[in-house]
Structure formats: structure tokens, C-alpha cells
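> here is the input, now give the coordinates:
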Amino acid sequence: MKTDRDRRVVRAENEQLLLSGLDLVGRVLGKDPKEERRLLELDPGFDPRDTFLVVLGGAVISHLRLVRREMRIGRSLLRLAVVADVVTDPAHQGRGNARTAIDIALEAARAARYHCAVLFTELPDFFSEQGWSPWAQPGCSITPKALVIPAAQQRVRDFRPGDLSAVMALHGHHGSAFAGPLARTIGWWKADLQRETPPGEVLILEVDGRIAGYARARARRRRPEEFAILDLAALDDSGQRSLLRELVRRAHQRGFTSVNLQGPTAGRLAAIDPELGRMTELRRDKYTMLKLINLRGLVRALIPEFEAICGRDGSCGDGQISLLVGHLAAELSSSTGKFEISAPRSNKPSFLQLSEGDFWRMLFDGRVPPTAPAPAAAMLGMLFPEREFAFWPADEP
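This next block holds a predicted model:
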């Protein structure tokens, strides 16, 4: 009889292993393995070896997949590993199989010089116990009803293939105002738009012959009565209002019981459209989990943004800070606007110690920990300005 000691973690080196993992995903999550295989082929960054499997007695009992992405922070891009489809055969749950697969996958991500990892889960407590930090984004549920849309707002139409370049530019422009959006290559866009998307759920806002907004929504896979907004980007609040109203109108026509929105717009919905605000229940989504993998590499990747800040605000002056986040350390030095990142010297007398939660709040929100001494706080306050975190559900695997 095989025991847990006989289990091993392997990467999907061949098609048979990959399909065995997708069969498990299908059984646990209710996905179609053949359709999932088709969707993986559409992803230009897909590598079967980024799939990690726990095997016992020749059978796959646990599965996860790393998705390679980049996260934008101002002018900098961070290498991000998105952890997707973490599942375990129900007969083998509660024995540490998923935890073992995650640990080995993160070691592989560290060896591949990823800076951080993110996953989306309905079990945040489970992952918090493993050192992941929850990140709560604003969210809301809108109860759809018939809306009277004035002629001035009737500027929304369905997406056409020729709109792609304008939508890509709009998404990049809109995302530049926030911390955390994932970069989307043209390969990502083309692949994503080839996925099965019912007509009428990708919308374009056109004003004076130019594209001024874009939105996408679809029924949730596990809760088909809910209409989830996956993307929403516009040049101004008026554009967001027009797109939101059209989405709510279509949701009502199709019999959905709620329209779900996540991200910065959710927190400002009452100001953008008071009528929609009265139809809305606010909430905080807590299923985004973050894990720091490589502190020095991450801070080094931020140098282009640091230099842009110094160029915009004048000299950042000279300074040095030694950061300790969990068990990861990095020394940040500045001299006349030039930055160097190194391992702290062994005789360094003190570090600015941060929890991972403190570090993410500083990176994404610009909240410098109150424990930082005055010189360090001033330097960090300049290099990590106030921002707003935004992550669009369309980027979830």
C-alpha cells in the first residue's frame, strides 16, 4: 500500500502528465479538460514544465500551475508568478499535498528570478498560515434593473477586431495611474480574445470617432446567475458611467441577479453614478494573496521608477536603507539620484524590519510603516509615493 512517504512532486514534462493534471482539475473544479488544454495552447507564454504535480502510485493527486506575467509599478516591471488551479484529489486532502507542491513551485520561481507571486483563493486563512499576505480590494454587487440611458450616453457598441490596438493603448494608459496592473502583450490580447466569449460581452465606448472606453463581462463559471465585470477602462468618469450603465442594462435583460465589480471603480461608484450607487452593496474582496520571493531583485527592478521620481521631483539626495522583510534582506543606496541594490554588510548594526504586509502596503499604497526612523521614512516616502492598487479580474488565469 502506498503511503504519503511515496509521493513525489514532478513537473509536467510530457503530454500524458499534463493531461492527467488537467483531468484532476476537471474533476475538482468542474472544468472541461479538453477545453482547458485548448486555452493553454492559446497562451503564448505557456510552458508545460510550469505545471507541478504531486504523484502517488502513478496517479496525480495534486496540481498547480505557474503563469508567467509582469506587474507594473510606474515605469518598472516586476516578474510575477501567478499560481493557478491549486487542487487536490478529495481523497488525499488535508495531508499537505498542495502545500508541498506550492513550496517546490516557489523554489522553482525563485531559481527563475521571479520577484513575487500572487494567487486567488476562497481560502485566504489556509494560505495566510503558509506566509502569504492577503490583499483586500474594494468590490461591490449591483442589483441590475432597467435603466433609462439618455441619448448622450448611447455611445456604447460591441467590440470589433479592428479595435484591438486602440483597446491595448487605452488599457495601458488607464493602468498607468495605478500600482499593480499586469502588463498585457499583444500575444496575450490575441489569445484572450480567442477564448470562448459570448457576443455582446466585450463593449466599446466611442466618442467623436475615437475609442474612449472598453469593458468586458461574463457569467461566473461557478455562479452563473452573477455577471462579473472583468475589465473596465475609460478616459474619464463619464466614460466609465456609460459603460457601467450599458453592462447593468444588458445584465437585467439577460436575467442576471447581480453585477459584480472589483477594483478602484467599485469604491467610487456612488460618486461616478449616484443612481447605480443606490443599487449597490459594497464589500472588500480578500481572495488576492501575495508572496515575496526575491526582495533584492524586486527592489532592483524598481530603479527605473525611482530614477523617474527623482527626475520629476528633483534630487532624491543621498541615503542608505537596509530592509529586512521576513528573512529577506536588501540594502538600498542613493547617491545624487543614482541607485544601487546590494546584500547588506554582515556588520550592519540595524535593519528596518517590515512584515510582508507592511512591504506590500508601502509598494502599492505608499504607506510608509510608522516604525521607520525619520531619515528612512523621508527617503521611503519619496520613493514609494501614494498610489492606488488595481488588479483586473480578466488577468486571473
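
> show me where pLDDT drops low in the protein?
Residues of the chain meeting the criterion pLDDT under 70: 1-6, 148-154, 194-200, 222, 286, 313-315, 346-349.

> domain ranges for it?
Domain assignment of the chain by automatic domain parsing yields the ranges 4-120, 139-284, 294-383.

> looking at those domains, which is nearest to residue 392?
Nearest to residue 392, of all the domains of the chain, is domain 139-284, at 5.4 Å by CB to CB. C-beta here means a position set from N, CA and C on the backbone, and glycine is covered the same way.

> what's the end-to-end length of that closest one?
End-to-end distance of domain 139-284: 5 Å, with CA to CA, to the nearest Å as the criterion.

> ok, residue 115 touching residue 298?
Yes: using CB atoms under 8 Å, residue 115 is in contact with residue 298, at 3.9 Å.

> what do the two both touch?
Common neighbours of residue 115 and residue 298, counting by CB atoms under 8 Å, 6 or more residues apart in numbering, are 78, 292.

> next one: residue 263 from residue 395, what distance?
Distance, residue 263 to residue 395, by CB to CB, to the nearest Å: 11 Å.

> wait, I meant residue 156
Distance from residue 156 to residue 395, counting by CB to CB: 23 Å.

> go on, residue 70?
Relative to residue 395, and taking CB to CB, residue 70 is found at 11 Å.

> residue 20 now?
Counting by CB to CB, the gap from residue 20 to residue 395 is 27 Å.

> which one of these two is surrounded by more residues?
Legend: neighbour count by other CB atoms under 10 Å for residue 20 and residue 395, higher for residue 395 (22 against 18).

> grab the nearest non-local neighbour of that one.
With sequence-adjacent residues excluded and distances taken as CB to CB, 6 or more residues apart in numbering, residue 395 is closest to residue 182, at 4.5 Å.

> ok, now residue 29?
residue 87 (6.2 Å).

> what touches both of residue 70 and residue 395?
Applying CB under 8 Å, 6+ apart, one finds that residue 70 and residue 395 are jointly contacted by residue 182.

> what's the burial count for residue 370?
Residue 370: 7 neighbours (other CB under 10 Å).

> correction: residue 165
Neighbours around residue 165, by other CB under 10 Å: 11.

> okay, and it sits in which element?
Secondary structure from DSSP states H and E places residue 165 in helix 164-175.

> next SSE downstream of that helix?
strand 179-182.
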